[in-house]
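In: Here is my input, please return the structure:
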Amino acid sequence: MDMMIETKNVTRSFPVAGEKDVQVLKGISIEIPKGEFVILRGRSGSGKTTLMNILGALDSPTSGQVFLDGQEIGALDEKRRGLLRRTKIGFVFQSVALVPTMDAYENVEFALRLARYREDRRKRAEECLHMVGLGGRMHHMPQQMSGGEQQRVAIARALAHKPQIIFADEPTAELDSATGVKVVKIFRDLTREEGITVVMTTHDTGLMGAGDRVFSMEDGEIVDA
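Out: Sure thing, here's the model as predicted:
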């Protein structure tokens with residue numbers, strides 16, 4: 001089985017003025033196969049967002065190794081890490097952070113320009129908005145859309161440049177249960193139909209059944225997998 005992500009004994013500590021460093025991650029070793037929908041479950045403060053930031057090359061571990069599609073992230077300089085994020089990774093956050101002066105289509109097309117996407121940007125932006133069920137809403141502004149619709153635009157934006165993996169940090173936290181389930185279904189469909197690996201953090205126990213595998217975190221450790 002091909003692995004998209006492998007971590008070996010990853011730790012992360014943060015300095016605290018006048019005190020010992022706080023260890024947020026304590027020896028995390030996991031494997032995530034390609035094309036799976038993986039959930040990192042844990043309460044606030046469990047370390048799941050810190051781990052996701054390290055997996056997505058937004059942060060570096062204090063010790064240990066992280067491999068993305070066989071490439072050790074820690075061996076890359078910041079320029080190459082930036083290229084990795086821009087070409088192979090998509091991000092969806094709790095705060096959708098759409099550009100308020102751009103409609104849905106423009107938000108997605110703008111992301112393609114930032115990623116230096118070389119193919120037909122118009123075609124790809126429209127294709128991605130259709131994928132998330134917003135083909136008829138692509139020229140609506142963010143303020144004209146519901147929270148769930150805005151999050152679907154954010155997903156379209158994240159997958160537009162054809163990443164190998166999408167990291168979604170608490171993407172359903174601000175949504176009602178029914179809308180959250182719809183968003184999670186989009187992620188499942190992406191793994192099944194597009195072969196994209198999706199890693200999502202959540203504290204919502206009602207969403208656990210959607211994942212191909214679930215890693216439960218507590219106090220910086222994997223306590224169940």
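In: which residues touch the residue nearest to residue 134 when sequence neighbours are not counted?
Out: The shortest distance from residue 134 to any non-neighbouring residue, by CB to CB, 6 or more residues apart in numbering, is to residue 152 (5.6 Å). Heads up, the C-betas are built off the backbone N, CA and C, glycines and all. Counting by CB atoms under 8 Å, 6 or more residues apart in numbering, residue 152 touches 132-134, 183, 186.
In: What separation is there between residue 210 and residue 39?
Out: For residue 210, the distance to residue 39 (CB to CB, to the nearest Å) stands at 7 Å.
In: ugh, wrong one, residue 25
Out: Taking CB to CB, one finds residue 25 at 17 Å from residue 39.
In: before we move on, what about residue 137?
Out: Counting by CB to CB, the gap from residue 137 to residue 39 is 28 Å.
In: got it, and residue 117?
Out: 29 Å.
In: repeat for residue 220
Out: 18 Å.
In: what about those two, which has more around it?
Out: residue 39 (25 against 22; other CB atoms under 10 Å).
In: which residues in the chain form strands?
Out: 3-16, 19-28, 31-33, 37-41, 63-68, 71-72, 89-93, 165-169, 197-202, 213-218, 221-224 (DSSP state E).
In: If the residue positioned nearest the centre of the chain is in a bridge, with which residues?
Out: Among the residues of the chain, the one closest to the centroid is residue 167, at 1.2 Å (CA atoms, centre = their mean). On the basis of DSSP bridges, residue 167 takes part in beta bridges with residue 91, residue 199.
In: OK, contacts around it?
Out: Counting by CB under 8 Å, 6+ apart, residue 167 makes contact with 52, 55-56, 89-92, 199-200.
In: of all those, which comes closest to residue 19?
Out: Checking these against residue 19 by CB to CB gives residue 52 as the nearest, at 25.6 Å.
In: The closest one reaches residue 40, doesn't it?
Out: Yes. Here residue 52 reaches residue 40: they are 6.5 Å apart, a contact under CB atoms under 8 Å.
In: Find residues that contact each of those two.
Out: 199, 201.
In: Tell me which of these two has more neighbours.
Out: The residue with more neighbours, out of residue 52 and residue 40, is residue 40; 27 against 20, by other CB under 10 Å.
In: hang on, that one packs against residue 204?
Out: No. Using CB under 8 Å as the test, residue 40 is too far from residue 204 to be in contact (12.0 Å).
In: show me where the chain has helices.
Out: 48-55, 78-88, 104-114, 121-131, 147-159, 177-189 (DSSP state H).
In: Rebuild those as a markdown table, extending it with mean pLDDT.
Out: Below are the helices of the chain laid out as a markdown table (pLDDT from 0 to 100):
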| stretch | mean pLDDT |
| --- | --- |
| helix 48-55 | 95 |
| helix 78-88 | 92 |
| helix 104-114 | 95 |
| helix 121-131 | 96 |
| helix 147-159 | 94 |
| helix 177-189 | 91 |
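In: what's the most buried one of those?
Out: With neighbours defined as mean count of other CB atoms under 10 Å, the helices of the chain peak in mean count at helix 147-159, which reaches a mean of 24.
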